[in-house]
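J.: 3D, please:
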Amino acid sequence: MSEYAAPLKDMQFVLRELVGIEQLLSLPGYADFDVEQLSAVLEQAATFAAEVLAPLNRVGDLQGARLENGEVVLPPGWAEAYRRYVADGWNGLASAPDWGGQGLPVLISAMTEEMWNSANMSFSLAPMLTHGATEALQIAASPELQQAYLPHMVRGGWMGTMNLTESQAGSDLAAVRCRAVPQADGTYRITGQKIFITYGDHTLAENIVHLVLARTPTAPAGVKGISLFLVPKFLLKDDGSVGARNDVRCVSLEHKLGIHASPTCVMAYGSQEQGDGAAAGALGWRVGEENRGLETMFIMMNAARFSVGVQGIGIAERAYQRARHYAQDRRQGADAAVRDGESVPIIRHPDVRRMLLTMKATTEAMRSLACVVAVATDLAQAAADSSARERARARAALLIPVVKGWCTESAVAVASLGVQVHGGMGFIEETGAAQHLRDARILPIYEGTTGIQAIDLVGRKILRDGGAAARDLSAEVAQTCADLEAATDPQLRAMALQMGPAIMALDTAVQYVLVNGRKDIRRALAGATPLLKLFGIVAGGWQLCRAALISAQRLTGGHGDDAFYRAKILTARFYADNILCEAASLAHAACAGSDAIVEYADDQV
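T.: A predicted model of the protein is given here:
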């Protein structure tokens with residue numbers, strides 16, 4: 001099966017009924033849009049994903065990117081697909097109209113990104129980092145740099161990258177050695193090497209704009225001495241058009257477990273002989289203040305982390321669709337309730353159905369949570385009231401590491417279940433199930449590992465605000481639980497039996513962090529990853545329970561698609577009974593589980 005069909009029914013439900021889109025569209029920045037327009041955008045994106053991107057997924061995995069004569073060559077069809085992507089206006093969907101973007105909500109961008117990733121994750125990485133780069137430039141670059149680069153990048157004619165990692169400096173950016181030497185004209189000469197640079201070189205775009213972390217000669221040690229620089233692949237002429245090649249090149253490509261068609265480059269800056277006494281290095285321009293580059297780069301990283309969480313949703317959805325299709329088609333074994341019966345599709349077997357429902361429920365929970373966070377991101381920018389903006393900002397900040405960490409870890413688990421549903425055929429590459437697992441495995445690693453997201457959640461979010469944002473979220477979850485308890489539908493009341501203890505488990509783990517985090521941060525960090533997963537499971541379950549309450553109201557009022565609404569209730573019930581019930585064990589690991597971790601000596605591990 002190579003076909004992909006976007007889950008438009010569920011997306012439309014999230015858009016129209018779950019996330020409070022009317023509140024967002026009432027704000028000045030979005031007053032020109034209505035729900036029907038946004039719905040139409042999703043339908044067009046679904047067509048593009050299915051007809052243009054999905055057919056390239058298999059050839060991209062098989063042929064991959066390669067380096068030939070110093071140039072990165074992408075698989076057949078990539079260039080044509082990207083040209084159409086740009087021509088159809090997808091690149092600037094949520095970008096500011098001031099720079100040629102369409103100014104749509106982040107919510108719609110997130111939903112379309114899910115489709116791109118489901119259809120072809122390797123392709124979707126190309127525009128993903130460009131979006132983060134444009135956001136960083138909009139906030140921190142000089143007006144001259146903005147005018148020169150942003151219109152081209154928003155349109156998609158030029159693309160962007162993020163250059164952080166070096167061979168000795170992975171997650172520890174304090175160890176960055178790349179050098180930036182100031183020149184008399186205000187520019188800098190950049191020298192050094194960066195690794196793991198996604199789409200660091202290619203010919204899809206006319207120019208590639210690298211955002212590079214480097215140190216100036218007078219920079220202090222550590223992260224406080226890092227600056228950010230814009231280093232284009234091609235320098236600009238006086239009229240703003242693309243000119244001579246800059247001294248930046250891809251010197252090798254990594255050979256990876258998955259995302260084969262996405263070139264992961266080793267980039268060399270200042271590798272060419274200059275001659276005539278010219279200063280060595282690639283020509284670059286500083287973005288933002290000197291020695292404060294990491295703050296600016298975090299703008300880009302925060303956007304990228306949310307997008308990687310959305311990648312997890314996309315891969316999970318694609319793995320679920322493939323597994324469901326196989327289970328509907330593959331006949332083996334008789335129905336357990338019929339003695340000596342004929343073979344039936346394996347979807348009839350209870351354990352296969354359990355796996356499929358785990359995939360389905362987890363993916364819908366992830367999607368709903370990410371969309372709620374996307375709306376919070378929109379409100380943080382557009383809400384008229386400053387207190388509403390701050391509350392939305394705090395909610396988004398709290399949950400972005402959860403979206404990145406929990407959604408990506410869940411994507412690996414869902415893709416692994418997809419292989420399991422296929423049985424032995426899942427281990428055979430031709431079925432396609434294995435590719436989703438291989439592709440998914442990078443998601444909990446890049447743009448900050450799950451452990452780093454957990455540290456962010458504990459240190460920069462829960463401890464920094466004294467647990468205020470976490471308590472605010474917990475109060476809303478508790479209200480949903482109360483609504484479930486008060487419902488007449490026994491299925492809704494049954495969900496409350498799991499949701500109530502889950503909230504208590506989350507509150508207990510958060511309180512443990514608040515009490516112990518300042519006494520011995522090691523104990524809080526030792527349980528940080530279980531806490532992050534606990535946050536994800538509870539927050540995702542909260543959204544499914546909200547969806548179930550809405551669906552029950554629609555059924556009572558006779559609003560159309562009864563089968564869809566009944567399925568939403570059943571999905572939430574399954575999640576509560578089979579996934580939300582894990583909350584207590586995760587809370588135990590987040591609290592008591594840290595003792596042994598801290599007490600082990602290094603030579604005992």
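J.: could you say which helix or strand contains His210?
T.: strand 207-214 (DSSP states H and E).
J.: nope, Ala180 is what I was after
T.: Counting by DSSP H and E, Ala180 is found in strand 179-182.
J.: may I see the buried residues of that strand?
T.: 179-181 (16 or more other C-beta atoms under 10 Å). For glycine as for every other residue, the C-beta is placed from the backbone atoms N, C-alpha and C.
J.: and of the residues you listed, the nearest to Tyr82?
T.: Nearest to Tyr82, judged by C-beta to C-beta, of the buried residues of strand 179-182 is Ala180 at 30.8 Å.
J.: about what we covered before: could you dump the strand holding His210 to CSV, C-alpha only?
T.: Below are the C-alpha coordinates for strand 207-214, written out as CSV (Å, rounded to 0.1, in the frame of the first residue of the first chain):
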residue,chain,number,x,y,z
ASN,A,207,19.9,29.9,-2.4
ILE,A,208,20.4,28.4,1.0
VAL,A,209,20.5,30.6,4.0
HIS,A,210,22.5,29.0,6.8
LEU,A,211,22.0,30.2,10.4
VAL,A,212,25.3,29.3,12.1
LEU,A,213,26.4,29.4,15.8
ALA,A,214,30.0,30.6,16.2
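J.: so for it, what's the average pLDDT?
T.: For strand 207-214, mean pLDDT rounds to 97.
J.: show me what that strand packs onto, helices and strands only.
T.: Judged by 3 or more C-beta pairs under 8 Å, 6 or more residues apart in numbering; DSSP states H and E, the packing partners of strand 207-214 are helix 106-140, helix 143-155, strand 158-163, strand 179-182, strand 188-198, strand 227-232, strand 282-287, helix 293-329.
J.: got the angle between it and strand 282-287?
T.: Using axes from the mean of the first three to the mean of the last three C-alpha atoms, to 10 degrees, the inter-axis angle of strand 207-214 relative to strand 282-287 is 70 degrees.
J.: tilt between strand 207-214 and strand 227-232?
T.: Between strand 207-214 and strand 227-232, the angle comes out at 160 degrees (the same axes, to 10 degrees).
J.: so strand 207-214 versus helix 293-329, what angle?
T.: 120 degrees.
J.: quick one: strands adjacent to strand 207-214?
T.: Taking DSSP bridges as the criterion, strand 207-214 pairs within the sheet with strand 158-163 (parallel), strand 227-232 (antiparallel).
J.: TSV for those, including mean neighbour count, distance to Ala526 and mean pLDDT?
T.: TSV is the format used below for the strands paired with strand 207-214 (neighbours: other C-beta atoms under 10 Å; distance: least, C-beta to C-beta, whole Å; pLDDT from 0 to 100):
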stretch	mean neighbour count	distance to Ala526	mean pLDDT
strand 158-163	26	30	96
strand 227-232	26	33	97
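J.: quick one: closest of those to Ala40.
T.: Closest among those, using C-beta to C-beta: strand 158-163, at 27.0 Å.
J.: what does that closest one contact?
T.: Outside strand 158-163, the residues within contact range by C-beta atoms under 8 Å, 6 or more residues apart in numbering are 126-127, 129-130, 132-134, 149, 152-153, 178, 194, 197-200, 204-213, 231, 267, 297, 300-301, 304.
J.: weed out the non-buried ones from those residues.
T.: 126-127, 129-130, 132-134, 149, 152-153, 178, 194, 197-200, 204-205, 207-213, 231, 267, 297, 300-301, 304.
J.: from Tyr199, how far out is Leu230?
T.: With distances taken as C-beta to C-beta, to the nearest Å, Leu230 is found 16 Å from Tyr199.
J.: cool, Ile259 as well?
T.: 11 Å.
J.: shared neighbours, the two?
T.: By C-beta under 8 Å, 6+ apart, Ile259 and Tyr199 have these common neighbours: Leu125.
J.: ok, the most far-flung residue of the chain relative to its centre to Arg353 distance?
T.: Note on the chain: the largest C-alpha distance from the chain mean falls to Asp340, namely 48.0 Å (C-alpha atoms, centre = their mean). To Arg353, Asp340 is 22 Å away according to C-beta to C-beta.
J.: go on, Phe535?
T.: 28 Å.
J.: Leu484 contacts Met499, doesn't it?
T.: Yes. Using C-beta atoms under 8 Å, Leu484 is in contact with Met499, at 6.3 Å.
J.: give the residues shared as contacts by these two.
T.: In contact with both Leu484 and Met499: Cys545, using C-beta under 8 Å, 6+ apart.
J.: per-domain residue ranges of this structure.
T.: By the assignment in automatic domain parsing, the chain contains the domains 159-291, 466-604.
J.: first to last residue in the first one, what's the distance?
T.: The first and final residues of domain 159-291 sit 25 Å from each other (C-alpha to C-alpha, to the nearest Å).
J.: next one: it to chain centre, how far?
T.: 24 Å (C-alpha atoms, centre = their mean, to the nearest Å).
J.: how about the longest one?
T.: Relative to the chain's own centre, domain 466-604 is displaced by 21 Å; criterion: C-alpha atoms, centre = their mean.
J.: so what touches stretch 465-476?
T.: By C-beta under 8 Å, 6+ apart, the list of residues contacting stretch 465-476 reads 391, 394-395, 397-399, 461-462, 503, 506-507, 510-511, 513-514, 539, 542.
J.: hang on, I meant stretch 118-128
T.: Taking C-beta under 8 Å, 6+ apart as the rule, stretch 118-128 contacts 4, 6, 49-50, 53-54, 56-57, 60-61, 78, 81-82, 85, 90-91, 113, 116-117, 156, 159, 198-199, 202, 204, 259-262, 304, 307, 311, 314-315, 317-318, 321, 439.
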